[in-house]
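Chemist: need a structure here:
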Amino acid sequence: MAGLELLYSTVVSNITCPQDVVVCFVHWEIVRSGHKCLGSGDQPQQNDKKSELLPPGWNDSKELYTLRYQSKNDKSHLLLKAITADSTLIFYIMESATERVSDLTVNVSDYVDADNLQEFDRVFKNTEELAKKVQSGLLLPDSSVKGESSKKAEKRPSNDPPPDRDPLLIPPRNPYTSRQPRWPDPLAPFAAGGADLDPLSGRPGGMLMDPLRSGFPRSGFDPSAGIPGRLPPGAVPPGARFDPFGPVGQNRPGPDPDHMPPPGYDDMFM
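Modeler: Have a look, this model is predicted:
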């Protein structure tokens, strides 16, 4: 990896444990993403200056590593912390402006040969795998100035509608398609009111509950032709919604509850 060997040669005399090696590697990946190190510790110092090198005292504590970074365009500030937990290192990185945090857990023995800490060509193992983990799991998408993660973020499709599209515009109808609703009417009289909810769909049923248009098979009855003894022809305009006020036809379909008077009907006190 270009540049990592030169970095390692500057700190090899201070490396005393495998955790130092992993922190050095993660530091170089952050530098490759377009940042430079300002110094160690949580708070800015007067002598802070951008550098690709690790600052003095960066590994004084083997339990907690803290480093600060700034992008080349000064728009991104990162705070990196690495906590030692048994044989693993837990990395946390926070972008100061957005306070977004990402983390990564690394098993140190998978990537460092503890018996060869002073030899660069033998100390690292599986560097490509570790680099992918750092780039995908630790570096925030917009914290990389020139990395692949920022390019992917720019190409991510947006769910927002195009600016020249009116969301309230009714799409034009296709005259070659039938005026069937986009969903079938249920075969029940409770479908009444569908046309009021979607008046442009051609769906039957409105404020007036019309059993003839509720989805049941029609009997062929046309109210515009009139009802003998009840409505003259033309009383109901063709195609109009019709709310029948009584049973259709000459004869009632069942027993008439009024065809026999109740007992004691002549009783004035009834």
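
Chemist: helices along the chain, start to end?
Modeler: For the chain, applying DSSP state H gives helices covering 4-11, 18-32, 120-123, 127-133, 148-155, 194-197.

Chemist: so which of these gets nearest residue 111?
Modeler: Comparison of the helices of the chain against residue 111 by CB to CB identifies helix 127-133 as nearest, at 4.9 Å. For the C-beta atoms, the positions are set from N, CA and C on the backbone; glycine is no exception.

Chemist: if you count contacts, what does the closest one end up packed against?
Modeler: In terms of contacts (3 or more CB pairs under 8 Å, 6 or more residues apart in numbering; DSSP states H and E), helix 127-133 is packed against helix 18-32, strand 100-107.

Chemist: looking at it, residue 80 is touching residue 31, isn't it?
Modeler: No: under the criterion of CB atoms under 8 Å, residue 80 lies out of contact with residue 31, with a separation of 11.4 Å.

Chemist: go through the helices of the chain and name the closest to residue 114.
Modeler: Using CB to CB, the nearest of the helices of the chain to residue 114 is helix 18-32, at 4.8 Å.

Chemist: returning to what we had before: and of the helices and strands packed on helix 127-133, who's closest to residue 122?
Modeler: Scanning the helices and strands packed on helix 127-133 with CB to CB as the criterion, the closest one proves to be helix 18-32, at 11.2 Å.

Chemist: low-scoring pLDDT stretches of this protein, where are they?
Modeler: When the per-residue scores of the chain are filtered using pLDDT under 70, the ranges that remain are 1, 141-231, 234, 239, 241-270.

Chemist: what number of residues lie near the residue nearest to residue 54 when sequence neighbours are not counted?
Modeler: Spatial nearest neighbour of residue 54, chain neighbours left out: residue 11 (5.5 Å); criterion: CB to CB, 6 or more residues apart in numbering. Neighbours of residue 11 under the rule other CB atoms under 10 Å: 17.
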